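>>> just to be clear, the model below is a prediction. Sequence and coordinates:
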Amino acid sequence: MSEQYKFMLEEKKIPKAWYNINADMPVPPAPVLHPGTMQPVTPDFLSVLFPMSLIMQEISQERWIEIPEPVREIYKLWRPTPMYRAVRLEKALGTPAHIYYKYEGVSPVGSHKPNTAVPQAFFNKEAGTKALTTETGAGQWGSALAMACNFFGLDLEIYMVKVSYHQKPYRRVIMENFGAQVYASPSDRTQFGKKVLAEHPDSPGSLGIAISEAVEVAATSGGSKKYSLGSVLGHVLMHQTVIGIEALEQMEMAGEYPDIVIGCAGGGSNFAGFAYPFVHQNLTNGKKARIIAVEPASCPSLTKGKYTFDYGDAAAMAPIVKMHTLGHTFIPPGIHAGGLRYHGMAPSVSALVDHGDVEAQAVNQLETFEAAVRFSRSEGIIPAPESAHAIRVAINEALKCKQTGEKKVIAFNLSGHGHFDMMAFEQYHHGRLTDFEYPAAEINEAMTHLPKVVV
Ligand SMILES: *Cc1c(COP(=O)(O)O)cnc(C)c1O
């Protein structure tokens, strides 16, 4: 029998509303605290950085939030995205399992990130914002926001983690093509960047440091610039749920429902975007899919971090949230999955892991690249090193099915392609890529700098 390989939705099937998991959280979220007073933040404080419409989305308890028509119009450039059944990978593994993946690498910049970049630029434009600041790790977020700002006529200043700025120079050029200004972080353009450089002239940078720089520029701009974040926050995760809403419908087309749902997790946005609509089914519709978030073993916030209050950024200027954290001063090793090098995790993902609704696993760099190469040899797509973390666990689960003979349905999110990660793949093929030891000493040290919150 010949199998169907891909499941496509018509353009009119682009979702009309985002799914807001706040409405269904089994445990109420902890309050977001002001970094100075350590008291719950007011919308006023947040409005220095964000337009009120996004702040209202952040705290909304409505289950469905309408997607504005101008945003759906731009979504049409790449949405709905395809869902594939990895028939050739199943055969290569010799597994009775069925493996499905949702492919977000078909967006113009090659990842899921534009799903939130476009609405963030839209809501800022609507609120009268003229310019945005942001950080970027591997450059995926920066290129997505640069594209979105260009569509809406907003200026954009980007702080790019230094190690990626040098490893992935072409991502910077993409951002510049869209008219953005890109600086390697730590930079000498901010007080915090100067402080880091004075203490560690060779600092490779980190997402936490780059966030601090972008936040500082917006917060000290006298209102002329707002700040935009590519992950972690509730509204960002919510914008990404177009992925899982489409995937639910595509699984229905395939006539199957996943037993296992998998996504890689850096700040948690592509994981949540893909998985939350399935979590919704678990929480409210009697479904029992296992939901797995996968992180790098060298930056294991969910599997080894503490579920506690910590700052969102390295400089302790961003709000304090309750999340799984390795300590805001922790600088993760320079693995190639730059988008997964963040000390914390989205509060809702953290709460769901803590409550047992979501499982977390950590995988090493070498086994991740092995999975990436194996996947491309069957499916033809070269995955981003970040996405390959999800592939690793999907393959592990499929191989378990081979042992037990179980015919499980496994679905994962392929968050982006790896066309700008060729240096990493080259190093892998030449045996020059290594695993990083779990950086226990650095993490233990960082954990001594947690804010002393009294709740
Ligand atoms: C940024 C990025 C990630 C990690 O970010 P999340 O917010 O955890 O999704 C994963 N995959 C790709 C391709 C990315 O660009």
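On my side now, so go ahead. Numbers count the residues shown, from 1 in each chain.
>>> hey, let's count contacts and neighbours off CA atoms from now on
Fine.
>>> tell me the centre residue of this structure?
Closest to where the C-alpha atoms of the chain average out (C-alpha atoms, centre = their mean) is S269, at 3.8 Å.
>>> near the ligand, which residues of the stretch 151-300 of the chain?
S231, A265, G266, G267, G268, S269, N270, F271 (C-alpha under 6 Å from any ligand atom).
>>> out of those residues, who's the most crowded?
Counting neighbours by other C-alpha atoms under 10 Å, the top entry in these is A265, with 34 neighbours.
>>> so where do the helices sit in the stretch 251-400 of the chain?
For the stretch 251-400 of the chain, the helices defined by DSSP state H, counting those that start in this stretch cover 269-284, 301-304, 347-355, 365-379, 385-404.
>>> can you tell me how far the residue nearest to the centre of the chain sits from E90?
27 Å (C-alpha to C-alpha, to the nearest Å).
>>> where are the low-confidence patches of this structure?
Low-confidence segments of the chain, defined by pLDDT under 70: 1, 455.
>>> from R189, how far out is the residue nearest to the centre of the chain?
S269 is 29 Å from R189, by C-alpha to C-alpha.
>>> swap in R290?
When R290 is compared with R189 (using C-alpha to C-alpha), they lie 45 Å apart.
>>> who's more crowded, the two?
More crowded of R290 and R189, by other C-alpha under 10 Å: R290, with 17 against 14.
>>> can I assume that one is in contact with I260?
Yes: using C-alpha atoms under 8 Å, R290 is in contact with I260, at 4.7 Å.
>>> and the stretch 301-450 of the chain, which residues reach the ligand?
G339, L340, A384, E386, S387, S415, G416.
>>> swap in 8 Å and give it another go.
Within the stretch 301-450 of the chain, the positions near the ligand by C-alpha under 8 Å from any ligand atom are 337-340, 383-387, 414-418.
>>> most neighbours among the residues you listed, which one is it?
E386 (32 neighbours).
>>> once you drop chain neighbours, what's closest to that one?
A337 (4.8 Å; C-alpha to C-alpha, 6 or more residues apart in numbering).
>>> likewise E62?
Nearest to E62 is A23, by C-alpha to C-alpha, 6+ apart, at 5.9 Å.
>>> would you double-check that the one you found falls in a helix?
Yes: checked against DSSP: H, G, I helix; E, B strand; the rest coil, A23 lies within a helix.
>>> that one contacts I65, correct?
No: counting by C-alpha under 8 Å, I65 is not a contact partner of A23; they are 11.0 Å apart.
>>> can you give me the helices for the stretch 51-200 of the chain?
52-59, 69-75, 87-93, 114-126, 140-152, 162-167, 169-177, 191-199.
>>> and the ones you listed, which is most packed in?
Of those, the one with the most neighbours on average (mean count of other C-alpha atoms under 10 Å) is helix 140-152, at a mean of 26.
>>> which elements pack onto that helix?
helix 114-126, strand 131-136, strand 155-161, helix 169-177 (3 or more C-alpha pairs under 8 Å, 6 or more residues apart in numbering; DSSP states H and E).
>>> ok so, going back, list the contacts for the residue nearest to E62?
Q61, E62, R63 (C-alpha atoms under 8 Å, 6 or more residues apart in numbering).
>>> likewise H419?
I382, P383, A384.
>>> apply 7 Å and report the result again.
Shown in contact with H419 (C-alpha atoms under 7 Å, 6 or more residues apart in numbering): I382.
>>> so it, which state does it fall into?
H419 ends up coil, using three-state DSSP.
>>> I'd like the numbering to begin with 755 instead of 1 from here.
Yep, numbering from 755; the last one is H1173 now.
>>> please report phi then psi for it.
phi -70, psi -20 (degrees, to the nearest 10).
>>> any idea how far it lies from V1163?
Taking C-alpha to C-alpha, one finds H1173 at 28 Å from V1163.
>>> again, but for K884
47 Å.
>>> neighbour count: those two, which is higher?
V1163 (20 against 17).
>>> kindly state the beta-bridge partners for that one.
Counting by DSSP bridges, V1163 is bridged to H852.
>>> A898 is in contact with K867, correct?
Yes: the pair K867 / A898 is scored as a contact, 5.8 Å apart, by C-alpha atoms under 7 Å.
>>> in stretch 1138-1158, what counts as buried?
With burial defined by 16 or more other C-alpha atoms under 10 Å, the residues of stretch 1138-1158 counted as buried are 1138-1149, 1151-1156.
>>> which residues does V936 contact?
V936 neighbours (C-alpha under 7 Å, 6+ apart): E911, I912, Y913, M914, R926.
>>> one more pass at 8 Å, please.
E911, I912, Y913, M914, R926, M929, E930.
>>> again with L843
Counting by C-alpha under 8 Å, 6+ apart, L843 touches F1129, S1132, E1133.
>>> quick check on those: which are buried?
The buried subset of these - by 16+ other C-alpha under 10 Å - is F1129, S1132.
>>> closest one of the contacts of L843 to the ligand?
F1129 (15.3 Å; C-alpha to the nearest ligand atom).
>>> now do the same contact list for the closest one.
Contacts of F1129 by C-alpha under 8 Å, 6+ apart are L843, I1135, I1136, I1145.
>>> would you agree the last one is in contact with A1125?
The reference is to I1145. Yes: counting by C-alpha under 8 Å, A1125 is a contact partner of I1145 at 6.3 Å.
>>> quote the end-to-end distance of stretch 859-876.
Per C-alpha to C-alpha, stretch 859-876 runs 22 Å from first to last residue.
>>> ok, residues contacting it?
By C-alpha under 8 Å, 6+ apart, stretch 859-876 touches 808, 824-825, 828-829, 831-833, 835, 858, 894-895, 897-899, 902-903, 906, 908, 982, 984, 990, 993-994, 996, 1024, 1168-1171.
>>> equivalent analysis for stretch 1158-1170, please.
Contacts with stretch 1158-1170, where a contact means C-alpha under 8 Å, 6+ apart, come from 849-860, 864-866, 1010-1018, 1024-1025, 1028, 1137-1138, 1140-1142, 1144-1145, 1148, 1151-1152, 1155.
>>> can you do 7 Å?
For stretch 1158-1170, contacts defined as C-alpha under 7 Å, 6+ apart pick out 850-859, 864-866, 1011-1017, 1024, 1028, 1137-1138, 1141, 1144, 1148, 1155.
>>> got the CA coordinates for that stretch in CSV?
Provided in CSV are the C-alpha atoms of stretch 1158-1170 (Å, rounded to 0.1, in the frame of the first residue of the first chain):
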residue,chain,number,x,y,z
THR,A,1158,8.4,-3.6,21.9
GLY,A,1159,6.5,-3.9,18.5
GLU,A,1160,4.2,-1.0,19.5
LYS,A,1161,2.7,1.0,16.7
LYS,A,1162,2.7,4.4,18.4
VAL,A,1163,2.0,7.6,16.7
ILE,A,1164,4.8,10.1,17.3
ALA,A,1165,4.5,13.8,16.3
PHE,A,1166,7.2,16.4,16.6
ASN,A,1167,7.7,20.0,15.6
LEU,A,1168,10.5,20.7,13.1
SER,A,1169,11.0,24.3,14.2
GLY,A,1170,13.3,25.4,11.4
